[in-house]
Each structure stands twice: as structure tokens, then as C-alpha cells.
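In: sequence plus predicted model, see below.
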Amino acid sequence: MIHCKLGSLFNLTDAVGESTLFRLMNIGKEISLISNRWKISVVVEGISKALSVAMTPRTEILEKYGQPSGDNQWVISKENLPSYQKEIDLLRNEEIEISGNPLDLEIFEGSNLTVQDLILLDAAGLLVKK
């Protein structure tokens, strides 16, 4: 099991372009060993399940304090910002467990993951500490 905070998983999905989670989900073609593809898919499935459950309260917080302004964009007013920040921080700091084991950095050699992706994966506790 991997122990992490929801906020670190949100960071894997919050991107203007391709998210780290999207690249991780599509990395299988670049990884030659089937066993490594399996390890990645187990972790991706665990992340996806955790995020699908967490998106409801996250959206409720956004709806409570913000106004939609385009595709998946929200504007939080200055008056609502402190209350929003308090509630979203509580959600982001929620400790969770996801299935799978942390992944070895070496399995990503030759992949399309960026250094930023690896930093986010490490911050989420998804990489093995050696």
C-alpha cells in the first residue's frame, strides 16, 4: 500500500496541458517489461479510484465558494478565499492509502515523463526511496 495525501494526488491531475497522471496512464507502450507495466497500472488504478471519490467533495467546495469561469476553471472571490482555503486544505491534507507499491525510478527510463512529473510522483510517495 502507498500512503499519501489527497493534495499530492490532485497535483498529478491539475495541469494546463497533459497531466502527470495522463502521461503515467499512457506510459505502458514505452515500458518494455510486462511486470513493470503491471506495477504502473496497479498504481494508476489506485490513484484513479481515490481521485474519483475525492472529486465530489472537491467540487462541492468549489461550488460553495467559487464561480465557474470556463472549462474546469473556477474563480474564488477575495471574500471567500480564506474559507475556501481552510476547507480545501483539510481535504488536501487527508491521508489515504492507494493500492500498489511505490515504483522504482529505473522503470521510467526512456519514457515521456518529465522531471516535473517525477518530482510530483515522488512528492505523492509513489517512487521508491533508495
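Out: Cool, the structure landed.

In: how about the helices of the protein, start to end?
Out: Under the criterion DSSP state H, helices of the chain are mapped to 6-13, 20-25, 34-65, 81-92, 115-123.

In: please report how far N112 lies from N80.
Out: 38 Å (CB to CB, to the nearest Å). All C-beta spots, glycine's among them, are computed from the backbone N, C-alpha and C.

In: swap that for K5, please
Out: Look at K5 and N80: by CB to CB, they are 23 Å apart.

In: comparing these two, which residue is more hemmed in?
Out: Shown here are K5 and N80; by other CB atoms under 10 Å, K5 has more neighbours (17 against 14).

In: tell me who's in contact with that one.
Out: Shown in contact with K5 (CB atoms under 8 Å, 6 or more residues apart in numbering): 92-96.

In: the same query, at a cut-off of 7 Å, please.
Out: Contact analysis of K5 by CB atoms under 7 Å, 6 or more residues apart in numbering lists 92-95.

In: for the helix or strand of the chain with the lowest mean pLDDT, buried residues please.
Out: Using mean pLDDT, DSSP states H and E, the weakest-scoring helix or strand in the chain turns out to be helix 20-25, at a mean of 82. Going by neighbour count (16 or more other CB atoms under 10 Å), the buried part of helix 20-25 is 20-21, 23-24.

In: one more: stretch 68-77?
Out: I76.

In: tell me how far the ends of that stretch are from each other?
Out: End-to-end distance of stretch 68-77 (CA to CA, to the nearest Å): 11 Å.

In: any idea which residue of the chain is furthest from its center?
Out: E79 (28.4 Å; CA atoms, centre = their mean).
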